[in-house]
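J.: Quick check, what structure comes out for this input:
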Amino acid sequence: MSMPFYVSPEQLMKDRADYARKGISRGRSVVVLQYDEGVLFATENPSRALHKVSEIYDRIAFAAVGKYNEFENLRVAGVRYADLRGYSYDRVDVTARGLANAYAQTLGTVFTTESKPLEVELVVVEVGSEPATDQIYRLSYDGSVADEHGWVVMGGQAERLASVLGDGWHAGMTLRDALALAVRVLGTATDDGGKPRTLEATGLEVGVLDRTRPRRAFRRLTGPALEGLMPGKGGAHAAERSGVADEPGDATPAP
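T.: Numbers count the residues shown, from 1 in each chain. Okay, here's the model as predicted:
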């Protein structure tokens, strides 16, 4: 008679955590940082169809690393949560804190009860009327939540990139300065530890939560608007004030 296979709970949780961390580290990093008029999101992503940064609600955005199908399901669930709460109560009742708690419960339940954890790491951001009221929450694969301040790096070579970003970030940066720092940080992610790469606008996905917009604060920076803000490019003022500022968000309402 064969003996049943036994794994201690501690070893099981450790194996699941290692599995999730390996999956997340294979993805390209996402950088999130505050600037004087909002919050900037930047990542390497040449695709124009599959987004790692998205709008959730009026002044709330979402960024993720890991397996696309898993974090896309979470994004859609977040949009539905926000729409239902805003419709049932009031739009001001939809907050990043409430959304982060909902995500934490989902991630924690999957991590402890399912055979495979979700290979994702998330950031949920709500922009306030001033920098002191911005909310940035980082959620790990096991459902743990961290209240971040100033900046966040997820995925890929996050630890090495975090040291570069921490040294370069300071409160009150302009959008142009924040983007230049984000591009420099992402360019240091190299497989062989060689010299930093020069990234082009066509290979980046960039979005902002702009606190100066009246309601829907999220907008993507693409085309000439992004080109004009890239390091070494001119026309920053024109790019920040261009028509892309009126581009609608991309949250998908619940059916």
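
J.: need the longest helix for the protein.
T.: If you go by DSSP state H, the chain has its longest helix at helix 68-88.

J.: The next helix or strand after that helix: which residues count as buried?
T.: Proceeding C-terminally, helix 68-88 gives way to helix 96-113 as the next helix or strand, assigned by DSSP states H and E. Neighbour-count burial for helix 96-113, with 16 or more other C-beta atoms under 10 Å as criterion, is recorded at 96, 98-100, 102-104, 106-108, 110-111. (Each C-beta comes from the backbone N, C-alpha and C, glycine too.)

J.: which SSE is the spatially most central residue of the chain in?
T.: The centroid of the chain falls nearest to residue 63 when counting by C-alpha atoms, centre = their mean (2.2 Å). Assigned by DSSP H and E, residue 63 belongs to strand 60-66.

J.: Tabulate the CA atom coordinates of that strand in PDB.
T.: Only the C-alpha atoms of strand 60-66 are listed here, as PDB (Å, rounded to 0.1, in the frame of the first residue of the first chain):
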ATOM      1  CA  ILE A  60      -8.600  55.700 -11.100                       C
ATOM      2  CA  ALA A  61      -6.100  53.700 -13.300                       C
ATOM      3  CA  PHE A  62      -4.600  50.300 -13.200                       C
ATOM      4  CA  ALA A  63      -1.200  48.900 -14.200                       C
ATOM      5  CA  ALA A  64      -0.100  45.200 -14.200                       C
ATOM      6  CA  VAL A  65       2.700  42.800 -15.000                       C
ATOM      7  CA  GLY A  66       2.700  39.100 -15.400                       C
END
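
J.: Just give me how far that strand sits from the chain centre.
T.: 3 Å (C-alpha atoms, centre = their mean, to the nearest Å).

J.: tell me the angle of that strand relative to helix 68-88?
T.: Orientation note: strand 60-66 sits at an angle of 160 degrees relative to helix 68-88 (axes from the mean of the first three to the mean of the last three C-alpha atoms, to 10 degrees).
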